[in-house]
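Undergrad: structure, please.
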Amino acid sequence: MIQKVRNSIIMQLICIVFAVLVVLAVTLAMSYFYVKETTHNYAETLAESLLKQADNELSLYEETLRYNAESLCRFLLIDHVSGTGETDEDSAKKEIQEAQLSSYFTQIVLKNREIVSTVIFDNDMNPVVSLGKPVKLPEKQMYLRTEEDLNADWYFTGKNDFYYAFYYPIYNDNINSEQIGMCVFILEHWRIDGSLHNILNDSMSAMLLSDSNNLNLSYHAFGAVPPEATMADLKADDDYVYREGNWQNGIRIAVAVSVSGNTSGSVVIRNLIILAAVLSSLLLAIIIFFSYYQMARPIQKLDRFITKSIAHPNRRLELNRTDEIGTVAASLNNMLDENRRMIEEIKESKIRLYETELSQQKMEILAYRNQINPHFLYNTLSCMRDMALIKDEDSIAEMAMCLSDIFRYAVKGSNIVTIRDEVSYIEKYARIIEYRFMGKIMIDTNVDEKILDKPIIRFFLQPLVENSVFHGLEGKMEDGSVDVRIESVGDRLEITVQDDGTGMDEETLAKLREDIINPSENRGVGLNNIVQRLRLFYGEEYTMSAESELGKGTVIKISVPDHIRESN
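TA: Modelled structure (predicted):
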């Protein structure tokens, strides 16, 4: 199975797609459980927070009621307002205190409009002062509280609505404080309802305020909580987190928070992950089919074609495609055409090579035959030298010797010689020129000793010197000279051939410079030969320039590297 997968691109692609799908599935499962756990934890935290906020809100409200009760009862004397053993002085004090209580109560109601009644009782639960709307406590509430209490009941008969009551024990101002009565605030429930409703804010939750008598004092639902659902229904629903606080003054707060409703963003993310997994699966399936029909099948066709191309070299692959595979097919066809052409050329080359070898063999035979001619010439020049010495003609003997050395140098097989050999050849050529022109033309050489063993092209200097002699000095009436100078500048050789001959005008100089750039065989074999050989041995690394002034002479300067491409 593993070998089959290794040998098939489609199988490898399917394995990769399967691995991607497994990763996606694992990621989706982990994301689902993580989001579920996170959302449930968030709902629990939110429920605890809402419960704490509601408890704080009630505690703060009780603190406000306590402050109002203290303000109202601070200077209250029960005996002065009860009417027991009343004298004229007591009646006056009672009226004054009732007026003060009424004034304080009015100020309190202006700030706390939910307070509708206030009743002050003595220790025997006899009403001493009654302010605001007349009220009579229910029978079960008619007992003296020694501690603060907040509860709810049907305090007004004939009204189908409950009211809250805040009970505040009153103590005298002596050091050993004794309870002397109780103050009761009767409160409408809208104030507490509004506070609890604001706590829910924008969360999908519900809050219930109930008392010990199972009276649902306040129930608020926010968000998409079903309006007909009760707190008992929400408590039994698995999608809700239910929390309830401790009893406080006979009142308890319960909160139910929706898990899914308060984490809609996580649900959306989870749905997006599922959608992405489905779309990814579809795309991967499309990739498999596309890869098979657009890549694997054409590659198989290419493989079969290449296998059969050896047996059928003239066949060509036909794929009507403009993509990369079409380009490969076209390149393959071009390669086969080129291979076919190269085979034909190789056949022709073998034929030409065979013919060339035959010609070379014929030329070697001819060369062997012509070797006798240089030897005959050397022997003849040696004989002339010996005869000149016998007759004391030293100049003729030297001339014959120089000519013999020149011929020997000319027939050397190598194209590369040392500067020493080339300069020696030029010096022998100079002796012949001196004898020929009877000392009228002198050729001087000036070469750095350290570069005598550097390589240079054979017969490189002789054409330049010859041009200076026959084109610059031969037609001059006075004596003339040619100065040949070779210097080393860095890793280059600077060669200068300068004469003091007749020079040339601007037109002739321009033609010479043109020949240096674009040599032509029709304008002189010597210069054309020099330029062609410079290009052959130095490529683009040489420079050549010409300067001339009519009546003053000509200067040719050449700069080449101090090494030569020996392969040439």
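Undergrad: quick one: the longest helix seen in the chain to chain centroid distance?
TA: Secondary structure assigned by DSSP state H gives helix 9-73 as the longest helix of the chain. From the chain centre to the centre of helix 9-73 is a distance of 37 Å (CA atoms, centre = their mean, to the nearest Å).
Undergrad: tell me the mean pLDDT for it?
TA: The average pLDDT for helix 9-73 rounds to 80.
Undergrad: likewise stretch 457-467?
TA: Mean per-residue pLDDT for stretch 457-467: 84.
Undergrad: export it to CSV, keeping only CA atoms.
TA: Taking Å, rounded to 0.1, in the frame of the first residue of the first chain, the C-alpha atoms of stretch 457-467 are listed here in CSV:
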residue,chain,number,x,y,z
ILE,A,457,51.9,36.7,-30.3
ARG,A,458,54.5,35.6,-32.8
PHE,A,459,55.1,38.1,-35.7
PHE,A,460,53.1,40.7,-33.7
LEU,A,461,55.6,43.6,-33.9
GLN,A,462,57.1,43.0,-37.4
PRO,A,463,54.0,44.2,-39.4
LEU,A,464,53.8,47.4,-37.3
VAL,A,465,57.6,48.1,-37.8
GLU,A,466,57.3,47.3,-41.5
ASN,A,467,54.4,49.8,-42.0
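Undergrad: other residues contacting that stretch?
TA: With contacts defined as CB atoms under 8 Å, 6 or more residues apart in numbering, stretch 457-467 is touched by 409-410, 412, 414-417, 421-423, 425-426, 429-430, 443, 482, 484, 495, 497, 526-527, 529-530, 533-534, 537, 556, 564. In short, each C-beta sits where N, CA and C put it, glycine included.
Undergrad: try 6 Å this time
TA: Contact with stretch 457-467 is made by Asn415, Val417, Glu422, Ile426, Val482, Val497, Gly526, Ile530, Arg533, Phe537, Ile556, as judged by CB atoms under 6 Å, 6 or more residues apart in numbering.
Undergrad: can you flag which of those residues belong to helices?
TA: If you go by DSSP H, these have Glu422, Ile426, Gly526, Ile530, Arg533, Phe537 in helices.
Undergrad: just give me the least confident of those residues.
TA: Least confident entry in these, by pLDDT: Gly526, with 69.
Undergrad: just to revisit the earlier point, could you dump the ones in helices among the contacts of stretch 457-467 into TSV and include neighbour count?
TA: Formatted as TSV, the ones in helices among the contacts of stretch 457-467 follow (neighbours: other CB atoms under 10 Å):
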residue	neighbour count
Glu422	24
Ile426	20
Gly526	15
Ile530	24
Arg533	18
Phe537	22
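Undergrad: pull out the buried positions in stretch 13-28.
TA: By neighbour count with 16 or more other CB atoms under 10 Å, stretch 13-28 contains the buried residues Leu13, Ile14, Val17, Leu24.
Undergrad: kindly report the same for stretch 325-338.
TA: Ile325, Val328, Ala329, Leu332, Asn333, Leu336.
Undergrad: looking at these, which is nearest Ser31?
TA: Ser31 has its nearest neighbour among the buried residues of stretch 325-338 in Ile325, at 39.5 Å by CB to CB.
Undergrad: which residues sit in contact with that closest one?
TA: Going by CB under 6 Å, 6+ apart, Ile325 touches Pro298.
Undergrad: point out where the stretch 101-250 of the chain drops to low pLDDT.
TA: 173-176, 200-202, 212-215, 246-250 (pLDDT under 70).
Undergrad: which stretches of it form helices?
TA: Counting by DSSP state H, counting those that start in this stretch, the stretch 101-250 of the chain has helices at residues 190-200, 231-236.
Undergrad: using JSON lines, lay out the ones you listed together with distance to Gly223 and mean neighbour count.
TA: Listed next are the helices of the stretch 101-250 of the chain as JSON lines, based on distance: least, CB to CB, whole Å; neighbours: other CB atoms under 10 Å:
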{"stretch": "helix 190-200", "distance to Gly223": "8", "mean neighbour count": "17"}
{"stretch": "helix 231-236", "distance to Gly223": "12", "mean neighbour count": "16"}
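Undergrad: in TSV, list these along with distance to Tyr143.
TA: Converted to TSV, the helices of the stretch 101-250 of the chain look like this (distance: least, CB to CB, whole Å):
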stretch	distance to Tyr143
helix 190-200	23
helix 231-236	30
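Undergrad: so which of those helices is nearest Ile120?
TA: Among these, helix 190-200 sits nearest to Ile120 (CB to CB), with 21.7 Å.
Undergrad: need the helices for the stretch 301-450 of the chain, in chain order.
TA: Assigned by DSSP H, counting those that start in this stretch, the helices in the stretch 301-450 of the chain fall at 324-370, 372-390, 394-410, 419-436.
Undergrad: any weak-confidence spans in the stretch 401-550 of the chain?
TA: For the stretch 401-550 of the chain, residues meeting the criterion pLDDT under 70 lie at 401-414, 520-526.
Undergrad: same for the helix or strand encompassing Asp515, what does it pack against?
TA: Asp515 belongs to helix 506-517 when elements are defined using DSSP states H and E. Under the contact definition 3 or more CB pairs under 6 Å, 6 or more residues apart in numbering; DSSP states H and E, helix 506-517 sits against strand 543-549.
Undergrad: list the buried residues for the strand it packs on?
TA: Met544, Ala546, Ser548.
Undergrad: so which residues make contact with that strand?
TA: So strand 543-549 is in contact with Gly503, Met504, Leu509, Leu512, Arg513, Ile516, Thr554, Val555, Ile556, Lys557, Ile558, Ser559, going by CB under 6 Å, 6+ apart.
Undergrad: could I get that strand in PDB with only the CA atoms?
TA: Extracted C-alpha coordinates of strand 543-549, given in PDB (Å, rounded to 0.1, in the frame of the first residue of the first chain):
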ATOM      1  CA  THR A 543      43.000  48.300 -26.900                       C
ATOM      2  CA  MET A 544      44.600  49.800 -30.000                       C
ATOM      3  CA  SER A 545      45.000  53.400 -31.000                       C
ATOM      4  CA  ALA A 546      46.700  55.500 -33.700                       C
ATOM      5  CA  GLU A 547      47.900  59.100 -33.700                       C
ATOM      6  CA  SER A 548      49.600  60.900 -36.600                       C
ATOM      7  CA  GLU A 549      50.500  64.300 -37.700                       C
END
